[in-house]
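Asker: Let's see this in three dimensions:
(2 chains)
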Amino acid sequence: MSVSALKTKPAIAPRPKSADVVTLAMPRKAAKPNRLQTMAYGFAVSVVPPTLVLLLLLGIWELLCAGPGATLPPPSTIWQESYDLIVNPFFVNGSQDIGLGWRVLVSLQRVAIGFGLAAVVGIALGVVIGQSIWAMRGLDPVFQVLRTVPPLAWLPIALAAFRDSNPSAIFVIFITAIWPVIINTAVGVRNIPQDYRNVALVLRLNALEFFWKIMLPAAAPYIFTGLRIGIGLSWLAIVAAEMLTGGVGIGFFIWDAWNSSRLSDIIVALVYIGVVGFILDRIVAGIGAFVTRGTQAA
Amino acid sequence: MTAYLKLDHIDKSFARGGSTTDVLREVSLDIAKGEYISVIGHSGCGKSTLLNIVAGLTPATHGGVILEGAEVNSPGPDRAVVFQNHSLLPWLSVYDNVRLAVDKVFSGVKSRAERHDWCLHNLDLVQMGHARDKRPSEISGGMKQRVGIARALAMQPKVLLLDEPFGALDALTRAHLQDSVMQIHASLGNTVIMITHDVDEAVLLSDRIVMMTNGPAAHIGDVLDVPMPRPRRRLELVTDPAYLKCREAVLKFLYERHRFVEAA
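Answerer: Just a heads-up that it's a prediction; the model follows:
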């Protein structure tokens, strides 16, 4: 008896402790539903309307293409025929039979190289044009003409020059993306307020310091507008370029599927391209918003 | 006596197309060390152009600026400017705006820790130490101008150039800032040139008031000595006969002898 009584006492003693913890957790519990509610609300507001529209569109599509004379497959047929492409983006069944995720990655690699080069060269040229009135007078008309040349028109020249399809595709990306970067950077640099230039003059900042501390931050909103347009154009161009150059990219996949009459696969690939393009745009816009967070509230 | 800062027969004309416009003609002025000079005149009389010439931001057509016996014709931190619209870099915090100037001016002279302390010291001087981590968009117009003054003071300039520093502020904020500038001038003994169009401000702050005639080809119409002793107190001056006399002299100059003739 006495032993059990001794045992129960320490067993009771920790209880108030655990009760303390519960009371500490109370306010958190009270706050949580609120936060969850607002999060759930935000999620619902941004997800429910597009989902409804998507379902509606899919329904209309199904109705239109369900008949026997339809030339395009309805969603249900696509689901059956291209099941493995939709469900598993990263399968490998052989050198030419790989998931769309892999193909997108190959295309993205080309875009990364081409767009990266375009960003660096474009910002550099844009700075020169924005800073120097003579560089602008000389180069601007040339750029204004060249930028209207459609991306694919560069491809034969690139193929002739590089004698290989991969660098040619990268060149097409580069030459497509560079114009908006150049033009927007130049506008941004030209629009740096004279006040900031005066500050730099009074402080005697040298060219490099001026570039890093005044020019880049002041022109950043413009530069990111150019980069965002550029990445969109790159993604448009890579699909077209890959259709012609072949290889493993998503563009060639579409062309290949067309030649073997796999319409369902093409439609799945289109969805992939759209989603990836959307994500690319969001990434560049997000980086831009982060980098320029102080600049625009001037 | 050789002047600390000498404006030597400055002419300025702008050429556009075939025609040239004379803005300033034969502006000469000797300024002693520690003097507080106000330049007052109607808008368009070339006050700001004169300040920009002293700052080195605009070249003079003829004549020049001599500071401590050496001619200056390019901008530099020895003639720090407080710009009319503060000109703080919006992507930098208050502290970093001052730090940018301090890092540039004292890069070889002061250690990192010393530069940090110097930034804080100058922010405290204008009572902005509490907002060091704020961005310019997060503080009021008067506070921005304080930071602009701190940035200029932090360069330890030989001459402080104020380009209508309080022009964009409301009357109460302006009075506060004027008091701050008076205190700073009293304790540091800066040589100051201030552009203004406010008669009371000019009389309150200055040792001498330079009155410009109307443009084109504006020149110094008159220079008024302001004899009141320092420290000056705003409230006591309201009834001070010397103050009223100075005020009247400037007003008479601006509104009787050189009335502003509006174009069109």
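
Asker: Burial check on B:Asp222, number of neighbours?
Answerer: Using other Cβ atoms under 10 Å in any protein chain shown, B:Asp222 has 15 other residues around it. Glycine gets a C-beta too; all of them are placed from N, C-alpha and C.

Asker: Give me the buried positions along the helix or strand containing it.
Answerer: Assessed by DSSP states H and E, B:Asp222 sits inside strand B:220-225. Neighbour-count burial for strand B:220-225 flags B:220-221, B:224 (criterion: 16 or more other Cβ atoms under 10 Å in any protein chain shown).

Asker: and what of stretch B:209-218?
Answerer: Residues B:209-215, B:217-218 are the ones in stretch B:209-218 that count as buried (16+ other Cβ under 10 Å).

Asker: Of all pairs in those, which one is the farthest apart?
Answerer: Farthest pair in the buried residues of stretch B:209-218 (Cβ to Cβ) is B:Ile209 and B:Ala217. Separation: 20.9 Å.

Asker: Any chance of JSON lines for the buried residues of strand B:220-225, columns pLDDT?
Answerer: Below are the buried residues of strand B:220-225 laid out as JSON lines (pLDDT from 0 to 100):
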{"residue": "B:Ile220", "pLDDT": "89"}
{"residue": "B:Gly221", "pLDDT": "86"}
{"residue": "B:Leu224", "pLDDT": "91"}
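
Asker: Kindly indicate which of these lies nearest B:Gln183.
Answerer: Of the buried residues of strand B:220-225, the one sitting nearest to B:Gln183 (Cβ to Cβ) turns out to be B:Leu224, at 23.4 Å.

Asker: Ignoring the adjacent residues along the chain, who's closest to the closest one?
Answerer: B:Ile209 (4.4 Å; Cβ to Cβ, 6 or more residues apart in numbering or on different chains).

Asker: For chain A, see how far away the one you found is.
Answerer: From B:Ile209 across to chain A, the span is 25 Å (Cβ to the nearest Cβ, to the nearest Å).

Asker: closest point of the stretch 51-200 of chain A to chain B, which residue?
Answerer: Closest approach between the stretch 51-200 of chain A and chain B, counting by Cβ to the nearest Cβ: A:Asp195, at 3.9 Å.

Asker: which residues touch that residue?
Answerer: B:83, B:85, B:87 (Cβ atoms under 8 Å, 6 or more residues apart in numbering or on different chains).

Asker: where's it, which helix or strand?
Answerer: Going by DSSP H and E, A:Asp195 is part of helix A:194-203.

Asker: That helix: which residues count as buried?
Answerer: Using 16+ other Cβ under 10 Å as the test for burial, helix A:194-203 gives A:196-203.

Asker: What of stretch A:220-238?
Answerer: Buried, per 16+ other Cβ under 10 Å, within stretch A:220-238: A:220-238.

Asker: Likewise for stretch B:125-140?
Answerer: For stretch B:125-140, burial by neighbour count (16+ other Cβ under 10 Å) applies to B:125-126, B:128-129, B:131-132, B:135-136, B:139.

Asker: For these, name the two members farthest from one another.
Answerer: B:Leu125 and B:Arg135 (20.6 Å).

Asker: didn't B:Ala175 look like it was pressed against B:Arg233?
Answerer: No - applying Cβ atoms under 8 Å, one finds B:Ala175 not in contact with B:Arg233, separated by 11.8 Å.

Asker: and these two? which has more neighbours close in?
Answerer: B:Ala175 (16 against 12).

Asker: what's the residue in the stretch 151-264 of chain B that chain A sits nearest to in contact with, if anything?
Answerer: Nearest to chain A in the stretch 151-264 of chain B, going by Cβ to the nearest Cβ, is B:Met155, at a distance of 7.7 Å. Counting by Cβ under 8 Å, 6+ apart, B:Met155 makes contact with A:202-203, B:77-78, B:80, B:101-102, B:105.

Asker: Now do it, the pLDDT please.
Answerer: With respect to pLDDT, B:Met155 scores 91.

Asker: could you measure it against B:Ile53, distance?
Answerer: When Cβ to Cβ, to the nearest Å is the yardstick, B:Met155 and B:Ile53 sit 19 Å from each other.

Asker: cool, B:Gln145 as well?
Answerer: Relative to B:Ile53, and taking Cβ to Cβ, B:Gln145 is found at 23 Å.

Asker: Those two: which has the busier surroundings?
Answerer: Set side by side, B:Gln145 and B:Ile53 show more neighbours around B:Gln145, with 29 against 26, by other Cβ under 10 Å.
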